[in-house]
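*Asks:* sequence plus the predicted model coming up.
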Amino acid sequence: MPEKVLVTREIPSAGLRVLEGFDVAVLSEGPPERGELLEAVRGVAGILSTVTETVDTELMDAAGGDLRVIANMAVGYDNVDLDAAGERGVVVTNTPEVLNETTADTAFMLLLAAARRLGEAERLLRSGGWDAWGPMQLTGPDVWGKKLGVVGFGRIGQALAHRARGFDMEVLYHDQYRNESAEQETGAQYLELEELLETADFISVHTPLTPETRHLIGPGELDLMKPTAILVNSSRGPVVDEAALADALEQGSIFAAGLDVYEEEPEVHPKLLELENVVLAPHIGSASIETRDKMAVLAAENLVAVLRGEDPTTPVDA
Ligand code: GLV
């Protein structure tokens with residue numbers, strides 16, 4: 001009897017092909033209802049999950065004793081309870097590396113769009129409100145030649161630094177640890193967080209979500225930023241205090257923001273929805289066709305490896 005595998009959402013077919021030979025159920029196109037998920041997970045040996053599912057004690061217990069692997073199709077795994085998995089001997093895997101460049105593209109796209117007011121410009125045009133070219137119409141700050149502050153200098157943060165160099169930007173970074181080889185490779189300079197926030201023209205956040213990084217950017221940090229600063233978040237929503245950011249944008253204490261992630265997805269703070277000076281994307285950081293294929297394949301390969309008793313390529317270190 002082939003072992004049972006649950007794929008919680010429809011994923012690119014390249015990933016499903018890797019699972020051939022198992023008894024695979026794909027639960028739903030959209031985020032599955034919790035009750036449905038708890039039902040569907042019964043008796044499975046592997047779960048291929050996405051960021052929209054909370055994989056906790058309850059879900060693992062509903063799966064039962066056959067469960068051996070949770071393969072999350074994301075680099076982030078804050079939706080998975082690692083302790084609960086560890087206690088049950090369940091291996092957790094993620095999909096790092098394959099999405100670095102695409103996610104850095106998204107961050108740079110948001111940075112450019114927020115600076116050059118692309119969302120506002122498009123809304124003006126689509127609403128029929130654009131009547132003529134204007135000498136001072138929709139002007140925003142230049143990006144090229146400015147200072148970029150990268151908060152969280154892991155693989156995606158470094159990929160962003162490479163893009164910034166192409167725009168002749170000076171790159172500053174802050175992380176828990178200094179990374180001298182990354183400094184040499186990217187030309188980035190290490191600063192303490194406070195100094196980075198005071199100095200940078202653009203601040204882009206690339207930390208994982210952990211208890212330590214929750215609200216890493218709150219009212220105090222926003223206050224340190226220049227009134228001309230632009231904040232970009234494509235990591236996880238709760239790393240930025242969304243209500244404090246909405247206030248700062250409304251009061252003009254920073255110039256603009258570009259967001260791809262939110263504290264309570266798919267909810268967005270209502271004030272942000274009303275503001276012109278924020279570009280809002282619906283968590284599309286890794287959403288290129290090629291990258292989503294690679295993520296699906298890597299997640300599926302990790303799952304298959306564990307079920308075959310082999311080491312997965314990218315386990316999450318508990
Ligand atoms: C997406 O948000 C991811 O973590 O890959």
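*Replies:* Done, it's in.
*Asks:* when you work out contacts or count neighbours from here on, use the C-alpha atoms and nothing else.
*Replies:* Will do.
*Asks:* how about the residue in the chain that the ligand sits nearest to: what's its closest non-neighbour residue?
*Replies:* Per Cα to the nearest ligand atom, Ala74 is where the chain lies closest to the ligand, at 3.2 Å. Counting by Cα to Cα, 6 or more residues apart in numbering, Ala74 lies nearest to Thr95, which is 5.1 Å off, once chain neighbours are set aside.
*Asks:* and stretch 184-201, what's buried?
*Replies:* 186-191, 193, 196-201 (16 or more other Cα atoms under 10 Å).
*Asks:* show the end-to-end separation of it, please.
*Replies:* Taking Cα to Cα, to the nearest Å, the span from the opening residue of stretch 184-201 to its closing residue is 22 Å.
*Asks:* average pLDDT for it?
*Replies:* When pLDDT is averaged over stretch 184-201, the result is 98.
*Asks:* quick one, what contacts Arg155?
*Replies:* Arg155 makes contact with Glu97, Asn100, according to Cα atoms under 8 Å, 6 or more residues apart in numbering.
*Asks:* repeat that for 10 Å
*Replies:* Contact analysis of Arg155 by Cα atoms under 10 Å, 6 or more residues apart in numbering lists Pro96, Glu97, Leu99, Asn100, Glu101, Ala104, Ala161, Ala182, His206.
*Asks:* next one: Leu16
*Replies:* Val7, Glu10, Val24, Val26, Ala296, Val297, Ala300, Glu301.
*Asks:* burial measure for the first one, as a count.
*Replies:* Going back to what we said before, that points to Val7. Residues near Val7, counting by other Cα atoms under 10 Å, number 24.
*Asks:* sec struct for it, please.
*Replies:* Three-state assignment for Val7 (DSSP: H, G, I helix; E, B strand; the rest coil): strand.
*Asks:* backbone dihedrals for Gln189, please?
*Replies:* Backbone torsions for Gln189, taken as degrees, to the nearest 10, come to phi -110, psi 130.
*Asks:* quick check: it touching Glu195?
*Replies:* No. Gln189 sits out of contact with Glu195 when judged by Cα atoms under 10 Å, with a separation of 11.6 Å.
*Asks:* overlap of the contact sets of these two?
*Replies:* Taking Cα under 10 Å, 6+ apart as the contact rule, Gln189 and Glu195 both touch Gly149, Leu172, His174.
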